[in-house]
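*Asks:* Quick check, what structure comes out for this input:
(one chain, ligands or ions: 1)
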Amino acid sequence: MKRIHFAGGCFWGLEHYLKNIDGVVSTEVGFANGSVDSPTYEQVYTDTTGHAETVAVTYDPAVIPLKELLEDFFCAIDPYSVNKQGEDEGTRYRTGIYYSSPEDLPVILEVCREQGDSLAVEVCPLACFFPADERHQDYLSKNPGGYCHLPLSIFRYAALARDLKNLLGDETDEVARMANAAALVKERMGFFWVGFYVVKDGELVLGPFQGPVACTRIGFGKGVCGTAWKEAKTIVVPDVEEFPGHIACSSMSKSEIVVPVFKDGSVTGVLDIDSDSLATFDKVDAHWLGRIAALV
Ligand code: SME
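*Replies:* The predicted structure is shown next:
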């Protein structure tokens, strides 16, 4: 087991998210890298002790490599925001990655580089960590509906990805895997249409899906699906009317996300999701649907 510490705004929400990620064994909230020993929540709340609200994460690197855990963490923060996450402001809400094993540093720096330039995320060794009192541990499990700066979808996705991995198990048939993945995503997230198109003889052909009937074939570079295939990247469309060449399978579809599925570095299909509301999909959907597509 390995340990790493993340500061990402209010620790109630961050812990609730991280503990649901497959491979995370346990979490504890507390205060890191400040100047007072054993501070209380109230002391840290004055924003004068220098601590960051932090989640200590114990994880199994055989199940979740550090690189993936870091990417999951980045999904939950605005890495450019200085001392502010959601509506929570102050140095205690800064973002940070605090490592205890120096060999973790190259991976941390690589992921930070991939996330962008001039990030406001502090990267340094863990200097100290003081657990918060029991009332703050697992706060959102004890107080469902309690304050949280993170979107609900992020908790649902972490649990969905974990459960999907268990559900797929060692099933080797790709159609069976796609079928159950489409069903679970539809059931948990409630989207209007969830399905796969598979590359066959130079075209995308309709695969397992959940939702209204859909068009069966899409050419390379055509529509949102064909474009995601061609560009080998996730495409988020806030308003399908604004996407040149969008293929309308249903007039109810208002926004869409298409995530490529890769095998041995090539796109072998896409995961396509439609919503009946505008602007449904954001960076949380793009990140976690990417994870889900990789599981399938
Ligand atoms: N809208 C897609 C076509 C597939 S349906 O959404 C199920 C596209 O433009 O590629």
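*Asks:* can you give me the helices in the stretch 101-250 of the chain?
*Replies:* 105-115, 139-142, 152-168, 174-189, 223-231 (DSSP state H, counting those that start in this stretch).
*Asks:* Tell me which of the ones you listed is the most buried.
*Replies:* helix 223-231 (a mean of 22; mean count of other CB atoms under 10 Å). (Each C-beta comes from the backbone N, C-alpha and C, glycine too.)
*Asks:* Find me the pLDDT at Ala248, would you?
*Replies:* Looking at Ala248, its pLDDT reads 95.
*Asks:* swap in Phe192?
*Replies:* 97.
*Asks:* Spell out which residues sit in contact with the residue in the stretch 1-150 of the chain positioned nearest to the ligand, please.
*Replies:* Relative to the ligand, the nearest point of the stretch 1-150 of the chain is Cys75 (24.5 Å; CB to the nearest ligand atom). With contact taken as CB atoms under 8 Å, 6 or more residues apart in numbering, Cys75 is in contact with Ile154, Lys283, Val284, His287, Trp288.
*Asks:* Sort out which one of those lies nearest the ligand for me.
*Replies:* Trp288 (19.4 Å).
*Asks:* Just the buried ones from the contacts of Cys75?
*Replies:* Neighbour counting by 16 or more other CB atoms under 10 Å classes Ile154, Val284, His287, Trp288 among the contacts of Cys75 as buried.
*Asks:* Among the residues you listed, which lie within helices?
*Replies:* Of the buried ones among the contacts of Cys75, the ones assigned to helices by DSSP state H are Ile154, Val284, His287, Trp288.
*Asks:* Tell me which two in the residues you listed are the farthest apart.
*Replies:* Ile154 and His287 (8.9 Å; CB to CB).
*Asks:* Pull up the residues of this protein that are close to the ligand.
*Replies:* 193, 214-215, 218, 223-225, 246-247, 249, 253, 256, 272, 274 (CB under 6 Å from any ligand atom).
*Asks:* now those residues: which count as buried?
*Replies:* Buried subset of those (neighbour count, 16+ other CB under 10 Å): 193, 214, 218, 223-225, 246-247, 249, 253, 256, 272, 274.
*Asks:* Can you report phi and psi for Asp272?
*Replies:* With angles defined as degrees, to the nearest 10, Asp272 sits at phi -110, psi 130.
*Asks:* Local confidence estimate at it?
*Replies:* 98.
*Asks:* So it sits against Glu256, correct?
*Replies:* Yes. If you go by CB atoms under 8 Å, Asp272 and Glu256 touch, sitting 7.1 Å apart.
*Asks:* so what sits against both of those two?
*Replies:* Val224.
*Asks:* Could you pull out the strands in the chain for me?
*Replies:* Here the chain has its strands, by DSSP state E, at 2-8, 24-32, 52-59, 84-85, 88-89, 95-99, 122-125, 129-131, 193-200, 203-210, 217-219, 235-237, 255-263, 266-275.
*Asks:* Now render the ones you listed as CSV, adding distance to Arg177.
*Replies:* Putting these into CSV (distance: least, CB to CB, whole Å) gives the following:
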stretch, distance to Arg177
strand 2-8, 29
strand 24-32, 24
strand 52-59, 25
strand 84-85, 36
strand 88-89, 40
strand 95-99, 33
strand 122-125, 37
strand 129-131, 40
strand 193-200, 10
strand 203-210, 9
strand 217-219, 21
strand 235-237, 23
strand 255-263, 10
strand 266-275, 11
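*Asks:* quick one, which of those is nearest to Asp173?
*Replies:* strand 203-210 (10.9 Å).
*Asks:* Now do the closest one and helix 174-189, the angle between them.
*Replies:* In terms of direction (axes from the mean of the first three to the mean of the last three CA atoms, to 10 degrees), strand 203-210 departs from helix 174-189 by 50 degrees.
*Asks:* strand partners of strand 203-210, parallel vs antiparallel please.
*Replies:* Paired strands of strand 203-210, with direction, are strand 193-200 (antiparallel), strand 217-219 (antiparallel) (DSSP bridges).
*Asks:* deepest of those strands, which one?
*Replies:* strand 193-200 (a mean of 21).
*Asks:* Other residues contacting that one?
*Replies:* 178, 181-182, 185-186, 204-212, 214, 218, 225, 229, 249-250, 253, 261, 267-274, 296.
*Asks:* quick one: that strand to chain centroid distance?
*Replies:* Offset of strand 193-200 from its chain centre (CA atoms, centre = their mean, to the nearest Å): 22 Å.
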